[in-house]
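Q: Got a predicted model here, sequence first, then my questions.
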Amino acid sequence: MRILFAALISIPLIVNVANAQEANASDILFLKIQELEGELASLRSELESQGYLIEKLLSEDSIQINDNNKESAKIASDENIFRFEGINDSKSIDEVYDLAIAALNEKDFAAAKQSFKYLAENFNDKEKIPLSLFWLGEISLLESNLEESQNFFQRLASDHPGHWRSPLAHKKIGDILMMSGELGAAKIKYQFVVQSFPGNTASSLALQLLENME
């Protein structure tokens with residue numbers, strides 16, 4: 001009889017414990033959902049920021065390319081047409097580059113990356129190849145692939161040091177080093193940009209970052 005009585009008394013306790021466990025599980029799930037929502041908001045903000053930067057850089061590239069076209073207007077048209085050599089393809093470097101830029105404008109980063117990589121890996125051109133490497137670095141950065149992005153920017157800076165995007169490529173390498181937690185290396189890179197490219201926009205940006213690091 002006592003055993004039965006004890007069993008009857010313990011039933012509410014068991015139910016209360018089960019309810020408490022369910023409540024704790026619900027609280028934990030709610031907190032996890034809040035945490036995920038916070039991470040998604042952060043990623044969305046980063047993507048919007050990178051998208052704005054890409055649009056701004058595209059505008060700058062368009063202005064620079066137009067200036068280059070004006071300077072080369074006196075050159076014969078046959079010398080301005082770049083055709084693939086050794087590959088059975090009728091499209092010119094200019095045409096493929098334009099396709100890549102169009103894909104970039106449409107935020108089709110996969111298609112843009114494929115076209116830019118095709119140009120960078122197969123051809124030589126003093127303007128289009130450095131720009132292709134620059135955009136490859138930007139797209140990889142947008143994809144949070146820091147190592148790949150740094151490799152593209154480094155290749156631009158090393159292989160095309162005289163190109164007008166080279167200073168910004170050096171500054172971008174500094175940004176990646178900072179994102180990777182290598183603050184000392186980032187500071188050295190920013191100092192290099194300030195000393196090597198005075199008056200350049202990249203130098204002004206690097207100087208601002210250096211001041212913030214102090």
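A: Sure thing, it's come through. Model, not experiment: these values are computed from the prediction.
Q: from memory Leu131 sits against Ala100, does it?
A: No: with contact defined as Cβ atoms under 8 Å, Leu131 does not count as touching Ala100 (9.3 Å). Any C-beta I mention is one placed from the backbone N, CA and C, and that applies to glycine too.
Q: who touches stretch 178-196?
A: With Cβ atoms under 8 Å, 6 or more residues apart in numbering as the test, stretch 178-196 has contacts from 146, 167, 170-171, 173-175, 177, 200, 202-203, 206-207, 209-210, 213.
Q: What residues sit buried inside the helix or strand hosting Ile188?
A: Using DSSP states H and E, Ile188 sits in helix 183-196. Neighbour-count burial for helix 183-196, with 16 or more other Cβ atoms under 10 Å as criterion, is recorded at 186-187, 189-190, 192-194.
Q: what does stretch 193-209 give?
A: 193-194, 197, 200, 202-203, 205-206, 209.
Q: How about stretch 145-160?
A: Under the neighbour-count criterion of 16+ other Cβ under 10 Å, stretch 145-160 has 149-157, 160 buried.
Q: Mind listing residues that contact that stretch?
A: Contacts for stretch 145-160 (Cβ under 8 Å, 6+ apart): 126, 129-130, 133-134, 136-138, 140-141, 163, 165-166, 169-170, 172-173, 176-177, 179-180.
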